[in-house]
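Asks: Could you work out the structure for the sequence below:
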Amino acid sequence: MRSSDFMADEISTKKPHCLFSQSLVLLIFLLALASSCQGLLQADSSSAAVKQNVTRVSAVFAFGDSTLDSGNNNYLVTPYKSDFLPYGKDFFGHKPTGRFTNGRLLTDFAASYVGLKEEVPAYLDPSLSLDDLITGVCFASAGSGFDPLTAEINQVIPMGEQIDYFRDYLSRIELQVGPDRMDKIMNNAVFIISAGTNDFAANYIPLPIRKKMFSIADYQNFVLQNLQEFLQGIHKLGARKMAVVGLPPVGCLPVIITLFGFGDRKCIEAFNSMSIIYNNKLKDILRKASTVLQGAQLIYVDVFTPLYDFILSPNKYGFEETMVGCCGTGMVEAGLACNANSLVCIDASKYVFWDSIHPTEKTYLTLFNYFKPLIDNFLESSN
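Replies: Sure thing, here's the model as predicted:
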């Protein structure tokens, strides 16, 4: 079967449920998918101090979707929100922040590891101090994607508008610290980009608009073309050290299993194949972009491999539950459907997923530890 046909065949051959109702449910519950353990596990503080001296990272900036959004959607009129319990129950102060997990995200652990701060705040938070701003902020918006239609459907911040906010940030900070210090901040800043999953899981797969325009292969190319333009956009504004996150194993997300597994709770490999093909194309694009974008250092962050291994071999990492999330039934709940009235598992650290879509803080920390050698090599080679 051609890669351009497998998705249509996978869906069209399944008759027990109405595709239209599936699409509506999937759109509602796939809140800010991706393709993101305070009190449980801590990043090594001594290593953070060492890395601060070795790498001299000045700031961490985040762009993308719910895997990185630390609260920007709190300030939008959108159903894609998580600024309520039980989200954030294991965060500092046990408070919800707008992160789509029970605690911290990958970017929070990264900022802590290099000695900057314990969390990367949302840029739209009006309470941020100058110190908060100059050490890096998050421009990501849950529900966004590289396809502008994805953000439009979900009423969130498109990737292009995230660049506009970054441009506003640069002007705002330069007025306060001066151009020389601004240059130093940018020269030593790290940019993390994680988006694309919503384009497939909350747009192409459940909705008819893009399927009428593109085959799955052509849509992948369309999304990746927009990704290239995004990288060019932030590069023009001074971004040099850029880490781009690939797609996760979409077919292993609990909500995908619920809606398309038809009672069989195991990963749906047709969707995972989509992620693999996309990621291979992404790696090629990043290799080429490294030679075109002057002074840029680009790395591909492979979340598929470790996350897939967490799911297939959970005992190796201290996990017990991989097919459902911790919140509610764990099969469909996310965003507004995971709320203060929802039953929550006793120990989220035993779960790969917090809700039916998003990883737990333990999963993010385990991913971060997996990426430490990559991070070290990336930062040390850039000095």
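Asks: State the pLDDT value of residue 208.
Replies: Among the per-residue scores, residue 208 shows a pLDDT of 94.
Asks: do the same with residue 375
Replies: The model reports residue 375 with a pLDDT of 88.
Asks: Quick check: buried residues in the one helix or strand it maps to?
Replies: The secondary structure element spanning residue 375 is helix 361-381 (assigned by DSSP states H and E). Neighbour-count burial for helix 361-381, counted by 16 or more other CB atoms under 10 Å, picks out 361-372, 375, 378-379. (Each C-beta comes from the backbone N, C-alpha and C, glycine too.)
Asks: Equivalent analysis for stretch 87-96, please.
Replies: Buried residues in stretch 87-96, counted by 16+ other CB under 10 Å: 87-91, 96.
Asks: Just the ones of those residues in helices?
Replies: The members of these all map outside helices under DSSP state H.
Asks: Please identify which pair of the residues you listed lies farthest apart.
Replies: Farthest-apart pair in the buried residues of stretch 87-96 is 90 and 96; separation 10.7 Å (CB to CB).
Asks: From residue 231, how far out is residue 150?
Replies: Look at residue 150 and residue 231: by CB to CB, to the nearest Å, they are 18 Å apart.
Asks: In strands, which of the buried residues of stretch 87-96 fall?
Replies: The members of the buried residues of stretch 87-96 all map outside strands under DSSP state E.
Asks: Can you tell me which of the residues you listed is nearest residue 159?
Replies: Each of these was checked against residue 159 using CB to CB; the closest is residue 87, at 23.6 Å.
Asks: which ones are touching the closest one?
Replies: When the contact criterion is CB atoms under 8 Å, 6 or more residues apart in numbering, the partners of residue 87 are 96-102, 338, 354.
Asks: Just give me the closest of the buried residues of stretch 87-96 to residue 259.
Replies: For residue 259, the nearest member of the buried residues of stretch 87-96 is residue 87. The distance, counting by CB to CB, is 22.0 Å.
Asks: Next one, pLDDT for the closest one please.
Replies: Each residue has a pLDDT score; the one for residue 87 is 99.
Asks: Then residue 44?
Replies: At residue 44, the predicted lDDT confidence score is 43.
Asks: Could you do residue 341 as well?
Replies: Note on residue 341: pLDDT of 97.
Asks: which secondary structure element contains it?
Replies: Residue 341 belongs to no helix or strand when assigned by DSSP H and E.
Asks: returning to what we had before: mind putting the contacts of residue 87 in TSV, pLDDT included?
Replies: As requested, the contacts of residue 87 are arranged in TSV below (pLDDT from 0 to 100):
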residue	pLDDT
96	98
97	98
98	99
99	99
100	99
101	99
102	99
338	98
354	99
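Asks: Of these - the most surrounded one?
Replies: When neighbours are taken as other CB atoms under 10 Å, the top entry among these is residue 354 (34 neighbours).
Asks: Can you report phi and psi for that residue?
Replies: phi -80, psi -50 (degrees, to the nearest 10).
Asks: What of residue 62?
Replies: According to degrees, to the nearest 10, the main-chain angles of residue 62 amount to phi -120, psi 140.
Asks: got it, and the one 5 residues further on?
Replies: Reported as degrees, to the nearest 10, the phi and psi values for residue 67 are phi -70, psi -20.
Asks: Pull up the gap between it and residue 129, please.
Replies: Look at residue 67 and residue 129: by CB to CB, they are 26 Å apart.
Asks: Which one's more surrounded, the two?
Replies: Counted by other CB under 10 Å, residue 67 and residue 129 do not tie: residue 67 has more neighbours, with 31 against 8.
Asks: Output stretch 193-200 as CSV, nothing but the C-alphas.
Replies: Extracted C-alpha coordinates of stretch 193-200, given in CSV (Å, rounded to 0.1, in the frame of the first residue of the first chain):
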residue,chain,number,x,y,z
ILE,A,193,10.3,23.9,18.5
SER,A,194,7.7,21.2,19.0
ALA,A,195,4.7,21.2,16.6
GLY,A,196,3.1,19.2,13.9
THR,A,197,1.1,16.5,15.7
ASN,A,198,-2.1,18.6,15.8
ASP,A,199,-1.8,19.0,12.0
PHE,A,200,-2.4,15.3,11.6
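Asks: picking up where we left off before, which one of the buried residues of helix 361-381 is nearest residue 255?
Replies: Comparing these against residue 255 with CB to CB picks out residue 363 as the nearest, at 15.7 Å.
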